[in-house]
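Undergrad: Turn this into a model:
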Amino acid sequence: MPYVRIWIHAVWATKQRSPILTDDVRKAIFQHVKENAAAKNIFLDNVNGHVDHIHCLISLGREQSIGEIIKLIKGESSYWINKMGLIKTKFDWQDDYYAVSVCESALKSVRKYIQDQEEHHRKKSFEDEYAEFISESGFPSFLQTSAPPD
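TA: Coordinates of the predicted model:
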């Protein structure tokens with residue numbers, strides 16, 4: 001039996017980065033995302049976010065891809081948010097996302113970073129956070145000048 005452990009830190013925003021995820025809405029969404037991930041055999045270690053985005057720490061299974069997992073989480077959660085009427089207007093996540101691998105030695109700090117989103121965003125906007133992620137991850141410099149596309 002193959003043993004696979006590939007950790008991914010994924011981040012995506014609400015459509016047009018609208019700050020519509022209130023505390024109560026976030027709590028309900030994150031709980032639902034956890035339950036849905038477990039039902040779909042997605043190992044979601046940690047999920048949190050702020051008013052306009054979500055962070056997930058995911059361990060990929062041996063037959064799972066990043067795109068497939070994120071599509072499942074984003075698609076099903078959008079459907080559920082709309083079905084439950086959690087947001088007064090039609091809800092969508094942005095099309096794109098940020099995802100990078102995480103080494104085992106960094107798991108503790110990534111977990112803490114995800115758990116501390118509320119405190120973190122008192123000091124830094126999502127746009128600044130995104131630019132920092134892009135820079136630290138070595139993506140092309142033209143991506144560092146703007147927030148993620150919708």
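
Undergrad: Pretty sure V33 sits in a helix.
TA: Yes: if the criterion is DSSP: H, G, I helix; E, B strand; the rest coil, then V33 is within a helix.

Undergrad: Counting neighbours, what do you get for it?
TA: 21 (other C-beta atoms under 10 Å). (Each C-beta comes from the backbone N, C-alpha and C, glycine too.)

Undergrad: Give the next helix or strand downstream of the longest helix out of those in the chain.
TA: Ranked by residue count under DSSP state H, the longest helix found in the chain is helix 66-84. Counting by DSSP states H and E, the next helix or strand C-terminal to helix 66-84 is strand 98-102.

Undergrad: what about that next one, average pLDDT?
TA: Regarding strand 98-102, the rounded mean pLDDT is 93.

Undergrad: For it, what is the distance to the chain centroid?
TA: In terms of C-alpha atoms, centre = their mean, to the nearest Å, the centre of strand 98-102 is set 10 Å apart from its chain centre.

Undergrad: Leaving out the residues flanking it, which one is nearest to K74?
TA: Distance criterion C-beta to C-beta, 6 or more residues apart in numbering; nearest residue to K74, sequence neighbours excluded, is W93 at 4.6 Å.

Undergrad: Relative to D23, how far out is that neighbour?
TA: 19 Å (C-beta to C-beta, to the nearest Å).

Undergrad: Compare these two and say which is more crowded by neighbours.
TA: W93 (20 against 9).

Undergrad: picking that back up, contacting residues for the residue nearest to K74?
TA: Neighbouring residues of W93 by C-beta atoms under 8 Å, 6 or more residues apart in numbering: 12-15, 54, 74, 77-78.

Undergrad: Among the residues you listed, which one is most surrounded by other residues?
TA: A13 (27 neighbours).
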